[in-house]
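S.K.: Using only what follows, build the 3D model:
(2 chains)
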Amino acid sequence: GENVEQHPSTLSVQEGDSAVIKCTYSDSASNYFPWYKQELGKGPQLIIDIRSNVGEKKDQRIAVTLNKTAKHFSLHITETQPEDSAVYFCAASIAGGGADGLTFGKGTHLIIQP
Amino acid sequence: EAGVVQSPRYKIIEKKQPVAFWCNPISGHNTLYWYLQNLGQGPELLIRYENEEAVDDSQLPKDRFSAERLKGVDSTLKIQPAELGDSAVYLCASREGGYTGELFFGEGSRLTVL
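M.R.: Below is the predicted model of the structure:
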């Protein structure tokens, strides 16, 4: 089955700086890659996703890049703010590109230092 | 619009006792999921329903776990008997039918088995 590795497990950045979280996946058939943000005591919330026919996608301060050849994808957050502090999960799906069959990474705890 | 509602939010039980979790998905969402989230880990799929049919329960430990979604709306996840290793957060999620629907998570039910 699919295996998703996520790094780093903890990331501390100064407010206003950029943060980058990286994930690799094992199954070349995967074609849907969402990112979720989980705040303490809450369920994960989708923040951005990308499909395998696209190399990059942006939404305001958040961007995701995908390298299918190398089987890795990354989340980029620019101009970080205190409310960006949370645990971020990447995921990959081999189930036809939808939200079914998602395999999640272990998460990155992002800490924004004031 | 109400999100995915789960109850109870917290449950503490002795080992070998039964426990049940309830989920009410977003109105109109045909697909419902139960995920297990251990501390410091990403969510892992237990079971997926399309309306009232369980279409993927391959990761559900069927010796002690059971789930139902009788009328294709609310769902219940039961553990009987609970073991120490079952301590975790149980997340319910739902999405509209179709290929690209976003996955919406509830806030989870945190189980502690003593």
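S.K.: what's near enough to touch B:Ser5?
M.R.: For the record, residue B:5 is Val, not Ser. B:Cys23, B:Asn24, B:Gly106 (CB atoms under 8 Å, 6 or more residues apart in numbering or on different chains). Every C-beta, even on glycine, is put in place using the N, C-alpha and C of the backbone.
S.K.: residue contacts, A:Pro114?
M.R.: A:Glu15, A:Pro82.
S.K.: if we can go back for a sec, mind checking which of the contacts of B:Val5 are in strands?
M.R.: Residues from those lying in strands, with DSSP state E as the criterion: B:Cys23, B:Asn24.
S.K.: From the contacts of B:Val5, pick the one nearest A:Ala91.
M.R.: B:Gly106 (17.2 Å; CB to CB).
S.K.: what does chain B have sitting close to chain A?
M.R.: B:4, B:31, B:40-45, B:48, B:56, B:91, B:93, B:95, B:98-108 (CB under 8 Å from any CB of the partner chain).
S.K.: got the residue ranges for the strands in chain B?
M.R.: According to DSSP E, the strands that chain B contains are B:5-7, B:10-13, B:19-24, B:31-37, B:44-50, B:53-56, B:65-68, B:75-79, B:88-95, B:104-105, B:109-113.
S.K.: Quick one: those strands as JSON lines, columns for distance to A:Val4 and mean pLDDT too.
M.R.: As requested, those are exported to JSON lines (distance: least, CB to CB, whole Å; pLDDT from 0 to 100):
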{"stretch": "strand B:5-7", "distance to A:Val4": "25", "mean pLDDT": "98"}
{"stretch": "strand B:10-13", "distance to A:Val4": "29", "mean pLDDT": "98"}
{"stretch": "strand B:19-24", "distance to A:Val4": "25", "mean pLDDT": "98"}
{"stretch": "strand B:31-37", "distance to A:Val4": "15", "mean pLDDT": "95"}
{"stretch": "strand B:44-50", "distance to A:Val4": "12", "mean pLDDT": "93"}
{"stretch": "strand B:53-56", "distance to A:Val4": "18", "mean pLDDT": "89"}
{"stretch": "strand B:65-68", "distance to A:Val4": "24", "mean pLDDT": "97"}
{"stretch": "strand B:75-79", "distance to A:Val4": "24", "mean pLDDT": "98"}
{"stretch": "strand B:88-95", "distance to A:Val4": "17", "mean pLDDT": "96"}
{"stretch": "strand B:104-105", "distance to A:Val4": "18", "mean pLDDT": "94"}
{"stretch": "strand B:109-113", "distance to A:Val4": "24", "mean pLDDT": "98"}
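S.K.: Distance to A:Gln38 for the ones you listed - can I get that in a markdown table?
M.R.: Output for the strands of chain B, formatted as a markdown table (distance: least, CB to CB, whole Å):
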| stretch | distance to A:Gln38 |
| --- | --- |
| strand B:5-7 | 15 |
| strand B:10-13 | 17 |
| strand B:19-24 | 18 |
| strand B:31-37 | 9 |
| strand B:44-50 | 14 |
| strand B:53-56 | 23 |
| strand B:65-68 | 23 |
| strand B:75-79 | 20 |
| strand B:88-95 | 10 |
| strand B:104-105 | 8 |
| strand B:109-113 | 13 |
